[in-house]
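1. Just to be clear, the model below is a prediction. Sequence and coordinates:
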Amino acid sequence: MEGISSTPTSSPAETADSSIGMTPTPSPTVTPTPAVVQSDIPVPPLPPLPPLPGELDGSSKRKNSSIVWQHFEKLKNPDGSFLKPGRSRCRYCPQTYASDSRSNGTSAMRTHVMYQCRKSPIYVPNKRQKYLTFDSADSGGKLIAVAYDKTTSRLACAKMVVRDELPFSFVENEGFKDFMKVTQPQFKSPSRRTIARDIWKLYEAERERIRGFLAVNQQRVSLTTDTWTSIQNINYMVLTAHFVDSNWKLHKRILNFCVIPNHKGKTIGKLVESCLIRWGIDKVFTIVVDNASPNQVALDYMREKIGNWNQLVLGGSFLHLRCCCHILNLIVRDGMEELDSSIDGIRNCVKYIRSSPARLEKFRKCAAQEKIEHKGGIVPLDVCTRWNSTYFMLDLACKYKKAFLRLEDEDQQFENYFQERVGGSKRQGPPRAADWEKAARLVKFLKIFYDATLKFSATKYVTANEPLLWMCTIVGELDKCIASEDPLLVSIGTSMKRKFDKYWLQLEDLNKILLIAMVLDPRYKLLYLEFFFPKLQADQGGVQVMIDDVRTTLSSLFDFYADEDPAAAAASRNVTMPRIESTHQQADEDSHAANLLQFKLLRQEKDVVVIKNELDKYLLEASEDPSNPKFEILAWWKENAPRYPILSQIAKDVFAVPASTVASESAFSLGKRVVDPFRASLTPKMVEGLVCLSDWLRGAGFDAYKEPTKDELQLYEELEKLEIVSMEEQVLLVTLRNEVKGWILLGGRWKSALGSAGVWHLLCFLLDCHLFFQFSAFGEFRLREWSVIPFLHLTNLNFGNAL
């Protein structure tokens, strides 16, 4: 029998040895206990223990279970007894290690025979051999030690295929295999089926991680959705979530890229509902869609379903938001219809030079002869349905105007090209001087619309506060065009103003979340609405009504969030400014004093403002400088969130609202690259996994930290107290361990020394001190440390009474 200890003798090293082929005896682990249960029964002092068998000769009945002892031998004294403290030597080299059973484990010896001793039969060459390298620049470029790991390498290979949109067969290419043999010979290239399985497992893991984040944080999200038809002739619907995390970072994640049977409104609504249920999302702030009529039906369906979940904000008044980029596209296209003939002529010129390599080379020579050097490249051909691509084509074409004119003079085929008849009529063009002049004026006029589109379509910064700023600028430009003396600009401005008024003039039809976003921007607040509304409506009475309506809506939204967080609401309402108490004293004998008192009361009513909550406080404080280019709105709210606990929650949800559906439409560009003609056999399930995972891997990591509630803080404090009690308990166990050693024999010397009653009292005392007696294979009770016996505290009974 080895040295006696009241603690389990198995160690982490012995547990690790189980991977070699041996399984150690499991033993209970010490866990912290809520409290120390003390016994009221006095315990007599214990008599000294006589030595047990095996304590004198150092022998032990227990066998060494670790496989390490097949490769090590214990060192002995010249008289044949084992060294004290114990020490062992490797059978293949002179290396020795401390091996006392009380204080040493076997992990060091196991590491030696597996990774250090080259003569060992179980030596693993170069296993986890680390080398120094510099970390990525994003992490600071620090010098770190890394080691090859098979699992990590396979995971990185799967991420590479997804991020770079590579085919699965890429890992089977001979070039890739040769490259990996040089860089890391231990890496075994997986097959295309294996890499597909790895990608799917990675997709499922990332999906569960995002789902867990949204569930734990009870995150309210804004959604964008759109539909698309692939080259497989399969209809897909994309659903994208937008939210701000606890660290005030804006994120967007593609939730689903799934097959949809048709483009009907109710079908879209049902599929969106199904996706939200699978993700466990029930808090939806807004859904941004384009102006297609089926989307209105889908939104009505979603408003009813989310209303049944009791999660609508103010009855769903903010749920439906039209895509601002789509509205801007409709406005500009109405204006461009006035120049269809001129635009078609320039478009045909671009088609000509891009119809063959010889024509393109000839055009480059003409540009060189005219000494035109433009870094933007040769004029691209536009997409007729996207006005911004037409704008970009016209902008570059005007810069290459002289090259087109030279090409017309030197290339007879250029002139013949426009004489050809297409569809029974001659092609438009070539453009004349008047056409080039009109195009130049149109490009200059559309510059403001192009800049607004870029702002609305951003996905990495806040866009909810941008529409009102650019609407104010656009309506000013349209008014200038209408008032100008140029008939062309008057015609264009009139057509565009008519479409602008249809969507944005009727403010009662405008989603008020765009107005609230402007108020929550600390650079503008309510004052900007007083500046903005008169530009749309000349009636000052109507302007004041609209401002009051926005103020009322914001107050209702504040009350809604305050009801969700009563603790923060209580703190918010404690910021009331004390009013000056007036003394209504009679001054009949002095009329002058009475008049002075009445004036003081009137001034008090006019000058003193009562701050009912943090909303009033926010609106009364000075605004930030709107001309500061380095101002970051989310950083400002992150810094001031402690001052505005309720408003900051509103701002977090409002500024997560995107101004357009570009985030979802960009997924279709990715889908076109994923489902190309060479990968058209991919299943819709795998297409969804690739599109979603590619978006998730490219996105920045989000902060899952959540501020603890009062109940959680109270629980943490109780756990800290329990930790202190547990430390005191450990001191008690150490003291008791010094008193009681070895085996407690129920029928042995303890019974004869203490008597039956004494043994019983001792057992009760030890059990109350959270010690557990484990019945051994030899019919004896062995003293063990143990955690609190669960039913002892559940029943509030002494363990002895329970027996």
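-> Perfect, thanks for sending it.

2. can we go C-alpha only for contacts and neighbour counts from here?
-> Will do.

3. helix or strand right after the one helix or strand Lys351 maps to?
-> Using DSSP states H and E, Lys351 sits in helix 340-353. Later in the chain than helix 340-353, the nearest helix or strand by DSSP H and E is helix 357-369.

4. Report all helices and strands that that next one contacts.
-> The elements that helix 357-369 packs onto, with contact taken as 3 or more Cα pairs under 8 Å, 6 or more residues apart in numbering; DSSP states H and E, are helix 340-353, helix 401-410.

5. In the stretch 451-600 of the chain, where is pLDDT below threshold?
-> Applying pLDDT under 70 to the stretch 451-600 of the chain flags residues 537-542, 567-596, 598-600.

6. Could you pull out the helices in it for me?
-> 466-483, 487-500, 513-519, 525-536, 540-564, 566-572, 591-607 (DSSP state H, counting those that start in this stretch).

7. Could you dump those into a markdown table and include mean neighbour count?
-> Below are those laid out as a markdown table (neighbours: other Cα atoms under 10 Å):
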| stretch | mean neighbour count |
| --- | --- |
| helix 466-483 | 17 |
| helix 487-500 | 19 |
| helix 513-519 | 23 |
| helix 525-536 | 17 |
| helix 540-564 | 15 |
| helix 566-572 | 16 |
| helix 591-607 | 12 |
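
8. Deepest in the core, which of the helices and strands packed on helix 357-369 is it.
-> Among the helices and strands packed on helix 357-369, helix 340-353 has the highest mean neighbour count (mean count of other Cα atoms under 10 Å), at a mean of 20.

9. can you give me the angle that one makes with helix 357-369?
-> 110 degrees (axes from the mean of the first three to the mean of the last three Cα atoms, to 10 degrees).

10. Show the average pLDDT along helix 340-353.
-> Averaged across helix 340-353, pLDDT comes to 88.

11. which helices and strands does that helix pack with?
-> Looks like helix 340-353 contacts helix 357-369, helix 387-399, helix 433-456 (3+ Cα pairs under 8 Å, 6+ apart).

12. Let me know which of those is tucked in deepest.
-> For the helices and strands packed on helix 340-353, the largest average neighbour count (mean count of other Cα under 10 Å) is found in helix 387-399, namely a mean of 20.

13. For that helix, list the C-alpha coordinates in CSV.
-> C-alpha atoms of helix 387-399 as CSV (Å, rounded to 0.1, in the frame of the first residue of the first chain):
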residue,chain,number,x,y,z
TRP,A,387,-29.2,54.6,-63.7
ASN,A,388,-26.0,54.8,-61.7
SER,A,389,-24.2,52.6,-64.2
THR,A,390,-25.6,54.9,-67.0
TYR,A,391,-24.3,57.9,-65.1
PHE,A,392,-20.9,56.3,-64.8
MET,A,393,-20.9,55.5,-68.6
LEU,A,394,-21.9,59.1,-69.5
ASP,A,395,-19.3,60.6,-67.2
LEU,A,396,-16.4,58.7,-68.8
ALA,A,397,-17.8,59.0,-72.3
CYS,A,398,-17.8,62.8,-71.9
LYS,A,399,-14.1,62.7,-70.9
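
14. who's in contact with the closest residue to Trp696 other than its chain neighbours?
-> Spatial nearest neighbour of Trp696, excluding adjacent residues (Cα to Cα, 6 or more residues apart in numbering): Arg253 at 6.3 Å. By Cα atoms under 8 Å, 6 or more residues apart in numbering, the residues touching Arg253 are Thr240, Ala241, His242, Cys692, Asp695, Trp696, Gly699.

15. shaky segments in this structure?
-> 1-64, 125-129, 136-141, 375-376, 537-542, 567-596, 598-612, 671-672, 675-680, 701-803.

16. go again using 50 as the cut-off
-> The chain contains residues with pLDDT under 50 at 1-44, 46-61, 574-589, 607-609, 705, 734, 736-757, 759-761, 764, 767-803.

17. quick revisit: please dump the helices and strands packed on helix 357-369 into a markdown table; it should also carry distance to Phe449 for every row.
-> Shown next, in a markdown table, are the helices and strands packed on helix 357-369 (distance: least, Cα to Cα, whole Å):
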| stretch | distance to Phe449 |
| --- | --- |
| helix 340-353 | 18 |
| helix 401-410 | 23 |
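
18. Let me know which of these is the nearest to Gly423.
-> Among the helices and strands packed on helix 357-369, helix 340-353 comes nearest to Gly423, with 14.7 Å by Cα to Cα.

19. Give me the contact list for the closest one.
-> 359-360, 363, 379-382, 394, 397, 404, 414, 417, 427-431, 435-436, 438-439.

20. where's Val238, which helix or strand?
-> Using DSSP H and E, Val238 sits within strand 235-244.

21. Give me the sheet partners of the helix or strand following that strand and which way each runs.
-> Beyond strand 235-244 on the C-terminal side, the first helix or strand identified by DSSP H and E is strand 250-259. Strand 250-259 pairs in its sheet with strand 235-244 (antiparallel), by DSSP bridges.

22. And the contacts of the strand it pairs with?
-> Residues outside strand 235-244 that contact it (Cα under 8 Å, 6+ apart): 219-230, 250-262, 272, 652-653, 655-658, 663-664, 667.

23. Only whichever of the residues you listed are buried, select them in PyMOL.
-> Of the contacts of strand 235-244, the buried ones go into a single PyMOL selection, burial set by 16 or more other Cα atoms under 10 Å:
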select buried, resi 219+220+221+222+223+224+225+226+227+228+250+251+252+253+254+255+256+257+258+259+260+272+652+653+655+656+657+658+663+664+667
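
24. Walking through the stretch 101-250 of the chain, point out its strands one by one.
-> 131-134, 143-146, 221-229, 235-244, 250-259 (DSSP state E, counting those that start in this stretch).
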